[in-house]
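>>> This is a predicted model, with the sequence first.
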Amino acid sequence: MKLFGLCRSIFIPASLGVLLGITASCLVPIQSDGAATKPLRTVSGSHAPELVEGSHEYVPYQRMLAEADVIVAAQVASIGKTKWNQDNGDYWEETLKKDGYETIVSALPYYEVTFVVEEILSDSRNLLVEPKLTLIVLGTSPSDNEVSSNQLALQPGDQVVVFSEQREIGWRTRPATYDEKTTSIEVGRKQVMTFMGAPGTSHLVKEEDGLFHAPPNAPEQFTPISLDALRASVNP
Amino acid sequence: MWHKFNEVSYAKVVWRLGLSFLCSIAPFAYMQDSVWSYLLKPFKWSSTSVQYDTHTFSGTWNQVASDSKQPWNNVSPSPFTFSQNNSSANDVYLAYIDGVGGTQAFTGYVCSPSCVAGASIIRATIRFDSGESWYTDSACVVPSTSFDSRSIGTHEFGHAAGLGHSSASGNPTMYAYSSLGTCHLRSLETDDQNGLNAQYP
């Protein structure tokens, strides 16, 4: 009887512990992204955003095949760390005053993704000048930050087909100014090569079956395709 | 409490534990179904009353911001609300990002001590792309070449509240991608409301 009582005294708190543990484990995947386990890059004493979330236009693959400035079969060489939109890559911020109120205009984060080009499928504007393609991606780098659902999920070494375009982005080349007419803030611009559409879906990845697949987070059904078929699609 | 446990039979204890276990996991098991696909940032505001500054906006864009935050203020039972106060450091403004298409807006977070699990958001800024082709009228008749400012605005205010992108079906406002010529993101879906209620019960 004493032994039974001892068992009960061990079993009941142990059961409660298991119960609490299981309940807590059920909560984890729902309540957090689960990816932010390391401190992120911060800029001491500034208002630097550690993380940005954006609204990105989804561009369907058929449109990218038809309209991208540069389409290449390539291998991912590197995914850079987060930098900020000026030539030296350092964080910047400026305070604009209007009507007695302040606006802190802060730098936009970006990172570079470099590809070793293996085959040019399309380059109608002759934008590629070397067998390397470096794209500027606005946002915080997945290599030093939490990954959001439309961020890039590529790794160095991945075989891909990349859809890219030339685009002008906000780039600090002069002090920030406020335009009363458009009620917008301007710091300068720069012409860069970037993904066409959302960064996380503007490429196809070669899988074990030898075909190129859309990333799992792409919102359209895309039938995996061979490189030969892609060549034919780009240059019908 | 412990004493009372000793007074009931072992079988009853086991039964009650089993029952309480099932009751405790049932709602969470359901929430992991694809219907419940909101994603919460692992950090959030410590207060449920958050202010924002739109003093650089015109009257039109001020109305866009006001209309964009309102659906979140209407979520019940969450006490979370946004309100305009131009002395706030949570700036909402227009600045050039990347022109037509591409990225329509960004929300940036500053947290204390850092944007990791359990941290507090201390500043959130929303930047709309001044180079975008925006539709700013309140009527839901968006040209096929424009993005609806209220749809994008509602999505960004959701980020500012501490919500990530949702993978739920049924066009939730927090869906990861935006489309030209549509205005359906203006109104919150159940998934969006559940997200805010989970972040700020």
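Received, thanks. Everything quoted here is computed from the prediction, not taken from an experiment. Numbering: from 1, shown residues only, chains lettered A, B, ... in the order given.
>>> CA atoms for contacts and neighbours, from now on please.
OK.
>>> Show me where chain B dips below the pLDDT cut-off.
B:1-36 (pLDDT under 70).
>>> Domains in it, by residue range?
With domains defined by automatic domain parsing, chain B comprises B:2-31, B:44-199.
>>> ok, which stretches of chain B are helices?
For chain B, the helices defined by DSSP state H cover B:2-7, B:10-31, B:59-73, B:149-161, B:190-199.
>>> winner for burial among the domains of chain B?
The highest average neighbour count among the domains of chain B, using mean count of other CA atoms under 10 Å in any protein chain shown, belongs to domain B:44-199 at a mean of 21.
>>> Do me a favour and get the end-to-end distance for it?
End-to-end distance for domain B:44-199, by CA to CA, to the nearest Å: 7 Å.
>>> What's opposite B:Thr81 in the beta bridge?
B:Ser49 (DSSP bridges).
>>> can I assume it is in contact with B:Tyr52?
No - assessed by CA atoms under 8 Å, B:Thr81 is found out of contact with B:Tyr52, at 10.8 Å.
>>> shaky segments in chain A?
A:1-46, A:145-150, A:236.
>>> re earlier: arrange the domains of chain B in JSON lines, one row each, with distance to A:Asp144 as further columns.
Listed next are the domains of chain B as JSON lines, based on distance: least, CA to CA, whole Å:
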{"stretch": "domain B:2-31", "distance to A:Asp144": "30"}
{"stretch": "domain B:44-199", "distance to A:Asp144": "12"}
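>>> For A:Ala107, which of those domains is the nearest?
domain B:44-199 (10.2 Å; CA to CA).
>>> Quick check: closest non-adjacent residue to A:Glu57.
B:Ser178 (4.8 Å; CA to CA, 6 or more residues apart in numbering or on different chains).
>>> and that neighbour, what does it touch?
A:55-58, B:152 (CA atoms under 8 Å, 6 or more residues apart in numbering or on different chains).
>>> With A:Glu93 instead?
By CA under 8 Å, 6+ apart, the neighbours of A:Glu93 are A:46-48, A:104-107.
>>> Repeat that for A:Ala198.
So A:Ala198 contacts A:56-59, A:150-151, B:102-103, B:177 (CA under 8 Å, 6+ apart).
>>> Check these and tell me the two furthest apart.
Going by CA to CA, the pair spanning the contacts of A:Ala198 furthest: A:Val59 and A:Gln151, at 14.6 Å.
>>> Distance of the spatially closest residue to B:Val64 that is not a sequence neighbour relative to B:Thr60?
Spatial nearest neighbour of B:Val64, excluding adjacent residues (CA to CA, 6+ apart): B:Arg150 at 5.6 Å. Distance, B:Arg150 to B:Thr60, using CA to CA: 11 Å.
>>> so B:Pro42 touches B:Val116, yeah?
Yes - in terms of CA under 8 Å, B:Pro42 counts as a neighbour of B:Val116; the distance is 6.5 Å.
>>> hang on, the earlier thing: so among the contacts of B:Ser178, which ones count as buried?
Neighbour counting over these (16 or more other CA atoms under 10 Å in any protein chain shown) leaves A:55-58, B:152 as the buried ones.
>>> Could you work out the most separated pair of those residues?
A:Tyr58 and B:Ile152 (13.4 Å).
>>> mind listing what the helix or strand encompassing A:Glu53 pairs with, with the direction of each?
Using DSSP states H and E, A:Glu53 falls within strand A:51-57. Paired strands of strand A:51-57, with direction, are strand B:103-112 (antiparallel), strand B:177-178 (parallel) (DSSP bridges).
>>> Turn the ones you listed into TSV, including distance to A:Gln75.
Below are the strands paired with strand A:51-57 laid out as TSV (distance: least, CA to CA, whole Å):
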stretch	distance to A:Gln75
strand B:103-112	25
strand B:177-178	26
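>>> quick one, what contacts A:Leu96?
Applying CA under 8 Å, 6+ apart, the residues near A:Leu96 are A:102-105, A:176-178.
>>> Of the residues you listed, which is the nearest to chain B?
A:Thr103 (6.1 Å; CA to the nearest CA).
>>> quick check: domain ranges of chain A?
Taken from automatic domain parsing, chain A resolves into A:1-32, A:61-234.
>>> what's the spacing between the last one and its chain's center?
I take that to be domain A:61-234. Remark: domain A:61-234 is offset 8 Å from the chain centroid, using CA atoms, centre = their mean, to the nearest Å.
>>> Spatially central residue in chain A, please.
Chain A has A:Gln151 as the residue nearest its centroid, 2.8 Å off, counting by CA atoms, centre = their mean.
>>> Give the closest residue to B:Leu180 in space, chain neighbours not counted.
B:Phe147 is the one closest to B:Leu180 (CA to CA, 6+ apart), at 5.0 Å.
>>> Same question for B:Asp53.
In space, and not counting its chain neighbours, B:Asp53 is closest to B:Asn86: 4.1 Å by CA to CA, 6+ apart.
>>> Verify the stated contact: that neighbour with B:Thr56.
No - counting by CA under 8 Å, B:Asn86 does not reach B:Thr56; the two are 9.3 Å apart.
>>> Adjacent strands (with direction) for the host helix or strand of A:Met193?
Using DSSP H and E, the element containing A:Met193 is strand A:189-195. Strand pairing for strand A:189-195, determined by DSSP bridges: strand A:159-170 (antiparallel).
>>> can I have the strand it pairs with written out in CSV, keeping just the CAs?
C-alpha atoms of strand A:159-170 as CSV (Å, rounded to 0.1, in the frame of the first residue of the first chain):
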residue,chain,number,x,y,z
GLN,A,159,21.2,25.1,-59.4
VAL,A,160,18.6,27.6,-60.5
VAL,A,161,17.0,29.5,-63.4
VAL,A,162,16.8,33.1,-62.4
PHE,A,163,14.3,35.7,-63.7
SER,A,164,15.8,39.2,-63.3
GLU,A,165,15.3,42.8,-64.5
GLN,A,166,16.9,46.1,-64.4
ARG,A,167,15.2,48.4,-61.9
GLU,A,168,15.7,51.8,-60.2
ILE,A,169,15.7,51.6,-56.4
GLY,A,170,15.9,54.2,-53.7
